[in-house]
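Chemist: Coordinates only, no sequence provided:
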DNA sequence: ACATTTTGTCAAGTATATTTTACAATTTGT
DNA sequence: ACAAATTGTAAAATATACTTGACAAAATGT
């Protein structure tokens, strides 16, 4: 259930979990949990992350 | 801050708030709050609604 | 006009996302 | 090999999503 698309998008921007967390004003553990999966973040947090990483909701959070 | 895209997509499927709520296993008040706006639902709930309404996350929840 | 369905809204309770602190495991750079 | 940064993880506290029950306003059908 890991979110590898998120992890990859963060890596592509050369950001640590801490840096991404700071950019969207959440804790590092929250970003870690999102990448780890089995987690259910809010849509606003997802939108914030999308904007920082230059991706859309579908690109980072859609699942078949 | 109303989510009119959600409201319109639900109307297009001819579903009441109650029927959509039942389909995604939340209360009618939760669906109402999402359409009303000033609300921050979970990504999983958004995904469930997308699948019922035949739309993507970007179509219903993206905002510039 | 009337009955029925749908919607808007509120207040109190429950479930869970998110924070904070802390520490071990892993990776990266020199 | 060593130091520093990054990541994985856990437990307790706090913030907030979501529920339940209830009632009025508005819309829809006959």
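Modeler: Perfect, I can see it now. Source: prediction; values computed, not measured.

Chemist: Only C-alpha atoms from now on, for both contacts and neighbour counts.
Modeler: Fine.

Chemist: Specify the angle between the longest helix anywhere in chain A and helix B:43-53 in degrees.
Modeler: Once chain A is assigned using DSSP state H, the helix that runs over the most residues is helix A:43-53. Relative orientation of helix A:43-53 and helix B:43-53, computed by axes from the mean of the first three to the mean of the last three C-alpha atoms, to 10 degrees: 100 degrees.

Chemist: my guess is residue A:7 meets residue A:35, correct?
Modeler: Yes. Using C-alpha atoms under 8 Å, residue A:7 is in contact with residue A:35, at 6.1 Å.

Chemist: picking that back up, can you list the residues that contact whatever helix or strand comes next after the longest helix of chain A?
Modeler: Next helix or strand after helix A:43-53 toward the C-terminus (DSSP states H and E): helix A:57-61. The contact list for helix A:57-61 (C-alpha atoms under 8 Å, 6 or more residues apart in numbering or on different chains) reads A:3, A:5-6, A:46-47, A:50, B:56-58, B:62.

Chemist: ok, so of those, who is nearest residue A:23?
Modeler: Checking the contacts of helix A:57-61 against residue A:23 with C-alpha to C-alpha, the nearest one is residue A:50 at 11.3 Å.

Chemist: Residues of chain A that sit close to chain B?
Modeler: With C-alpha under 8 Å from any C-alpha of the partner chain as the criterion, chain A meets chain B at residues A:40-44, A:46-47, A:56-58, A:62.

Chemist: In ChimeraX, how would I select the buried members of those?
Modeler: Here is the ChimeraX command that picks out the buried ones among these, judged by 16 or more other C-alpha atoms under 10 Å in any protein chain shown:
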select /A:41,42,43,44,46,47,56,57,62
